[in-house]
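[1] Model the following, please.
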Amino acid sequence: MEIKINTEFIKISQAVKLANVVSSGAEAKAVISDGLVKLNGETVSQRGKKVYKGDVIEVLGSDTIEVI
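    Reported below is the predicted structural model:
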């Protein structure tokens, strides 16, 4: 799946929500703090982590999101 951003970066919690992998910001916070989100292959624990075009996010080990 791909999400398009029109800014230099967005926060990883916003990206996960934008991709409709989670239904709310609270759910995004939960999956991130539970260690279920990876950014470019590395587990992320900060929901404010910046995501840039070209980054790849993996959620729950199955949903892959490419930022374009």
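[2] For residue 22, which non-adjacent residue is spatially closest?
    Once flanking residues are discounted, residue 22 sits nearest to residue 28: 4.7 Å by CB to CB, 6 or more residues apart in numbering. Where C-beta positions appear, they are placed from N, C-alpha and C, glycine not excepted.
[3] quick one: secondary structure of the one you found?
    Recorded secondary structure, residue 28: helix (DSSP: H, G, I helix; E, B strand; the rest coil).
[4] How much space separates residue 52 from residue 66?
    Shown here: residue 52 relative to residue 66, a distance of 12 Å by CB to CB, to the nearest Å.
[5] And residue 1, by the same measure?
    For residue 1, the distance to residue 66 - CB to CB - is 7 Å.
[6] Just want to know which of these two has more residues nearby.
    Neighbours were counted for residue 1 and for residue 66 using other CB atoms under 10 Å; residue 66 has more, 14 against 11.
[7] Any stretches of the chain with poor pLDDT?
    Judged by pLDDT under 70, the chain has no weakly predicted residues.
[8] Give me the buried positions along the helix or strand residue 31 falls within.
    Taking DSSP states H and E as the definition, residue 31 sits inside helix 25-33. Counting neighbours by 16 or more other CB atoms under 10 Å, one finds that the buried residues in helix 25-33 are 28, 31, 32.
[9] and the first one, what does it touch?
    For residue 28, the contact set (CB atoms under 8 Å, 6 or more residues apart in numbering) comprises 13, 14, 16, 17, 22, 47.
[10] Try it again at 7 Å.
    Taking CB atoms under 7 Å, 6 or more residues apart in numbering, we find residue 28 in contact with 13, 16, 17, 22, 47.
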